[in-house]
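Visitor: requesting a structural model of the entry that follows:
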Amino acid sequence: MQSAEVEDLHLRCADAKAKAATAQEQVAPLVARVKELEEELARVASDHDAFRSWAGEAMTSIKALVGQLGTEQGVHQLTKGALDEALKVAEASRTEAMVCRGKAEELEGEASKAAEASRVEVQRLKEKAKASQVEAQCWREKAEASRVEARRWEEKAKELETEVIRAAETSVAVQAVLETEIGEHDALKSATRTTCEALEVEGFQSGSSLGSRLIALSGQARERLRGALHTGVKRALAVIASHYISVDLKAISDGYVLPDDDREADEEVVKLMEAAEGLGTALAKLFKEEVVPPTPSADAGGPEP
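Guide: Numbering: from 1, shown residues only. Just a heads-up that it's a prediction; the model follows:
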C-alpha cells in the first residue's frame, strides 16, 4: 500500500511538471507577441516623432517664407503654394500620426491584454505548482508516517517473535517438568500399589485412583499401628505374668506409678524409658515376625499402564 501511494505521488509530480512545461510553451508565444508589439509600438513612436520633426521644419520654412512675403510677390505666391502644400503635408502627417497613435494605442492595449493574460496564466501555474508542492509534501509526510508505522510493527513483530521463542522454551521446560512429574507419579502409584498389596489393604482395587489408595493405605496403616500397639502391650503383660505369677496385671494396666509433681513425674518416665531401652528392643525382636509384615521384594510389581 505504501509503494502504491509513493508511486501515485511520483505520477502526480510528473503530471504537474508536464503541465508546467505545457504552460511555459503556451506563455512563450505570448511573450514573443508582446515583444513584437513593443517593438512595433517603438517604431510607430519613432515615426510619429519623425513626422513631428518634419512638421516643425515645415513650419519653420513657412515662417521664413512669410518673412520674405512683403518684399517678393512672386516668392509670396510660391510660398503660399508651398505653404498650402506644407499644410496639406502637415494635415496628412497629423492624420497619419493620429492613425499611428490609434494603432499604437490598439497595439498597446493588445500588449497589455496579452501581458495580463500571461501574468494571470503564470500566476495560475505558480499557484498550481505550489499546490502540487503542498500535496507532494503531504504525501511525503504520509509516506514517512507509513515508514514509521511499518518500523513500529516490525519491532512489535520482533518482540512477539521473542515472546514466542521464550514461550516455546518455557513450554519445553514445562514439558520436561511434566514428564518428570508423570514419572514420579507413576513411581508413587507403583509404590503405593506394592505397599497396599504387601499390607493387604482392604477395599483396594487395581483400577482405583492414587488418592483413594493413599486414603485406604493411611487407614490400614493406622489400624496396623493400633494392632501392633495392642499386640505389643499384650505380649509385654504376658511376659510379665509368665515371670511373676502373683503380679497384679490390672494395676499394671493403669499405667505408670509416678510422683504427683509433674516435673518429677517426667524425669521418672525418662529414667524408666532409658532403663527399658535396650531390654525393650530385645523383647520386641521376639514378636517382630508376628507384628511386622515381611518386606516386599524389589520386583513385586511395576507401574500400572
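
Visitor: what about the stretch 151-300 of the chain, any weak spots by pLDDT?
Guide: 195-211, 213, 217, 291-300 (pLDDT under 70).

Visitor: one more pass at 50, please.
Guide: Counting by pLDDT under 50, the stretch 151-300 of the chain has low-confidence residues at 300.

Visitor: do you have the helices of it handy? List them.
Guide: For the stretch 151-300 of the chain, applying DSSP state H, counting those that start in this stretch gives helices covering 210-243, 249-252, 262-286, 288-291.

Visitor: and the second one, how far from the chain's centre?
Guide: Between the centre of helix 249-252 and the centre of its host chain there is 89 Å, according to CA atoms, centre = their mean, to the nearest Å.

Visitor: show me what counts as buried in that helix.
Guide: Applying a neighbour-count criterion of 16 or more other CB atoms under 10 Å, one finds residue 252 buried in helix 249-252. Yep, even glycine has a C-beta here, placed from its N, CA and C like the rest.

Visitor: export the helices of the stretch 151-300 of the chain to a markdown table and tack on distance to residue 85?
Guide: Shown next, in a markdown table, are those (distance: least, CB to CB, whole Å):
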| stretch | distance to residue 85 |
| --- | --- |
| helix 210-243 | 148 |
| helix 249-252 | 185 |
| helix 262-286 | 172 |
| helix 288-291 | 174 |
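
Visitor: point out the most buried one among the ones you listed.
Guide: Of all the helices of the stretch 151-300 of the chain, helix 210-243 has the most neighbours on average by mean count of other CB atoms under 10 Å, namely a mean of 13.

Visitor: of the helices of the stretch 151-300 of the chain, which is nearest residue 58?
Guide: helix 210-243 (143.0 Å; CB to CB).

Visitor: quick check: angle from the closest one to helix 262-286?
Guide: Orientation check (axes from the mean of the first three to the mean of the last three CA atoms, to 10 degrees): helix 210-243 against helix 262-286 gives 90 degrees.

Visitor: about what we covered before: to residue 152, which of the helices of the stretch 151-300 of the chain lies closest?
Guide: For residue 152, the closest of those is helix 210-243, at 52.1 Å, according to CB to CB.

Visitor: on contacts alone, who are the packing partners of the closest one?
Guide: The helices and strands touching helix 210-243, judged by 3 or more CB pairs under 8 Å, 6 or more residues apart in numbering; DSSP states H and E, are helix 73-199, helix 249-252, helix 262-286, helix 288-291.

Visitor: tell me what angle it forms with helix 73-199.
Guide: 30 degrees.

Visitor: which segments of this structure make up each domain?
Guide: With domains defined by automatic domain parsing, the chain comprises 2-155, 200-291.

Visitor: before we move on, back to that, of the helices and strands packed on helix 210-243, which stretch is the most buried?
Guide: Taking mean count of other CB under 10 Å, helix 73-199 is the most buried of the helices and strands packed on helix 210-243, at a mean of 13.

Visitor: what helices and strands are in contact with it?
Guide: On a contact count with 3+ CB pairs under 8 Å, 6+ apart, helix 73-199 meets helix 2-67, helix 210-243.

Visitor: quick one on the thing from earlier: redo the helices and strands packed on helix 210-243 as JSON lines? Include distance to residue 53.
Guide: Formatted as JSON lines, these follow (distance: least, CB to CB, whole Å):
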{"stretch": "helix 73-199", "distance to residue 53": "10"}
{"stretch": "helix 249-252", "distance to residue 53": "171"}
{"stretch": "helix 262-286", "distance to residue 53": "157"}
{"stretch": "helix 288-291", "distance to residue 53": "160"}
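
Visitor: quick one on the thing from earlier: out of the domains of the chain, which comes closest to residue 190?
Guide: domain 200-291 (10.2 Å).

Visitor: would a markdown table of the helices and strands packed on helix 73-199 with distance to residue 161 be doable?
Guide: Shown next, in a markdown table, are the helices and strands packed on helix 73-199 (distance: least, CB to CB, whole Å):
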| stretch | distance to residue 161 |
| --- | --- |
| helix 2-67 | 22 |
| helix 210-243 | 41 |
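
Visitor: out of those, nearest to residue 135?
Guide: Closest among the helices and strands packed on helix 73-199, once you apply CB to CB, is helix 2-67, at 6.6 Å.

Visitor: the closest one packs against which elements?
Guide: Using 3+ CB pairs under 8 Å, 6+ apart, the elements in contact with helix 2-67 are helix 73-199.
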